[in-house]
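> sequence isn't available, so here's the structure alone:
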């Protein structure tokens, strides 16, 4: 079916429609050829108007079908994209669970410009041996004492110490440092000192860094 809105009304007064006009001519009822042409024109317009209505209804139906198909296609695409996003999120979640340290949050702070102070050699030996290490060595006072003491990372370095009998002997420097004379037991630490030491000791990665840093390479 062609678009009836583009149709052009014929000239019913032309010779082409002589027979159609003659079929309508009725002298007894006052219908001449001109009147007959008018009747043909009126009939054509009436049929064309009906064709336009059917055409409009057809276009509306096609528009509804197209809209419904588009809606279904959009829904399918949305579900597909959501499925991809869900799979990606699941993969990211699994990756984060497997590599928690890799995705640990990083605080948005400036790089510290103060010097880094390592705990004492004595505290480090305890950590390396995997035994209990008092929190005192990670307080500001304990770290300050460590910064004032000598640091010997050479396993071959030897120092002279005097034993209980008064005799002097050579011992490895790393084992020569005794426990701090100002050591404060954990239960006697103040809340302020406890707060100073806790941020250091609760991060195993930091302790591991200290041990690795102070352990001579092979």
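Cool, the structure landed. This is a predicted model, so every value here is computed, not measured.
> the spatially most central residue of the chain sits in which helix or strand?
For the chain, residue 89 is the residue whose C-alpha lies nearest the centre (CA atoms, centre = their mean; 7.8 Å). According to DSSP states H and E, residue 89 maps onto helix 33-98.
> and after that helix, which helix or strand comes next?
For helix 33-98, the succeeding helix or strand toward the C-terminus, using DSSP H and E, is helix 121-129.
> now that following helix: buried residues?
By neighbour count with 16 or more other CB atoms under 10 Å, helix 121-129 contains the buried residues 121-127. Where you see a C-beta, it was placed from the backbone N, CA and C, and this is true even at glycine.
> pLDDT score for residue 127?
The score at residue 127 is 77. That number is its pLDDT.
> hmm, who's touching the helix or strand hosting residue 21?
Assigned by DSSP H and E, residue 21 belongs to helix 18-24. By CB atoms under 8 Å, 6 or more residues apart in numbering, the residues outside helix 18-24 that reach it are 12, 31, 33, 35-37, 39-40.
> residue at max distance from the center of the chain?
Centroid-distance maximum for the chain: residue 28 at 90.6 Å, with CA atoms, centre = their mean.
> what's the distance between that one and residue 40?
20 Å (CB to CB, to the nearest Å).
> now residue 57
For residue 57 relative to residue 40 (CB to CB), the value is 26 Å.
> go on, residue 5?
Per CB to CB, residue 5 is found 21 Å from residue 40.
> if we can go back for a sec, just the pLDDT at the residue nearest to the centre of the chain, thanks.
As predicted, residue 89 sits at a pLDDT of 93.
> hmm, back to that, got JSON lines for the contacts of helix 18-24, with pLDDT, distance to residue 141 and neighbour count too?
What follows is the contacts of helix 18-24, written out as JSON lines (pLDDT from 0 to 100; distance: CB to CB, whole Å; neighbours: other CB atoms under 10 Å):
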{"residue": "12", "pLDDT": "91", "distance to residue 141": "116", "neighbour count": "21"}
{"residue": "31", "pLDDT": "86", "distance to residue 141": "125", "neighbour count": "15"}
{"residue": "33", "pLDDT": "88", "distance to residue 141": "125", "neighbour count": "15"}
{"residue": "35", "pLDDT": "91", "distance to residue 141": "123", "neighbour count": "15"}
{"residue": "36", "pLDDT": "89", "distance to residue 141": "122", "neighbour count": "21"}
{"residue": "37", "pLDDT": "90", "distance to residue 141": "119", "neighbour count": "18"}
{"residue": "39", "pLDDT": "92", "distance to residue 141": "118", "neighbour count": "15"}
{"residue": "40", "pLDDT": "92", "distance to residue 141": "116", "neighbour count": "19"}
